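A structural model of the following input is requested.
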Amino acid sequence: MLLLHPRESAHSVWFFFTPAGEFRSWYINLEEPTAWWQDEATAGIDTVDYDLDIVVTPDRSWRWKDEEEFADHLAHPDTYWVPDADAVRAEGERLAATVEAGGFPFDGTRTDFRPDPSWTVPLTMPLGWDRPRVWKQSRTKAGDR
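Predicted structure coming up:
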């Protein structure tokens, strides 16, 4: 899997590959814009999933995913963290239009990605992996997450 997290965007795009390395599909994860952080040699991103997603096939046909889960969670505004459900759906609709138009990243870019064969899987977690999450200042709904 290859993940694209555009800065300041309320989504990420996941590129899925078969075990043989062939491109399989894109997955649009609608989420809070990422909070980027770095502590000395360790860096990362934090985000919060909005539940509603889009699955896109290589021919750029697409479908919503988890609509019922999203609706169910929205029925509990005191505990659900989505501040604006209409904005989440609008972001998905904007991306669906990009999919249909064959715009980046749904233009085939990075579908030929292959990891460097010299890369290894770390045997231990890096220092700082368990640091407290970084949240955007705008996060106030449903308390501290």
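
Now F15. Nearest residue, chain neighbours left out?
The shortest distance from F15 to any non-neighbouring residue, by CB to CB, 6 or more residues apart in numbering, is to L2 (4.1 Å). C-beta here means a position set from N, CA and C on the backbone, and glycine is covered the same way.

Let me see the ranges of the helices in this structure.
Listed in chain order, the helices of the chain (DSSP state H) span 67-74, 85-101.

gap between E100 and A87?
20 Å (CB to CB, to the nearest Å).

now swap in D112 and tell me
D112 is 33 Å from A87, where distance means CB to CB.

Same drill for those two, tell me which one is more crowded.
The residue with more neighbours, out of D112 and A87, is A87; 13 against 10, by other CB atoms under 10 Å.

tell me the mean pLDDT for stretch 1-18?
This predicted structure assigns stretch 1-18 an average pLDDT of 95.

I meant stretch 74-84, not that one.
Stretch 74-84 comes out at a mean pLDDT of 87.

How far off centre is that stretch?
19 Å (CA atoms, centre = their mean, to the nearest Å).

same thing with stretch 24-34?
Relative to its chain's centre, stretch 24-34 lies at 3 Å (CA atoms, centre = their mean).

Could you list the buried residues of that stretch?
Residues of stretch 24-34 classed as buried: W26, Y27, I28, N29, L30, E31, E32, P33, T34 (neighbour count, 16 or more other CB atoms under 10 Å).

how about the nearest residue to the third one, chain neighbours excluded?
Spelled out, it's I28. I54 is the one closest to I28 (CB to CB, 6+ apart), at 4.0 Å.

May I have the beta-bridge partners of that neighbour?
Residues in a beta bridge with I54, per DSSP bridges, are I28, W64.

confidence score at it?
I54 is assigned a pLDDT of 98 by the prediction.

measure it to R131 for me?
Distance from I54 to R131, by CB to CB: 31 Å.

what do you get for G92?
G92 sits at a distance of 31 Å from R131 (criterion: CB to CB).

Which one of these two is surrounded by more residues?
Neighbours were counted for G92 and for R131 using other CB under 10 Å; G92 has more, 23 against 12.
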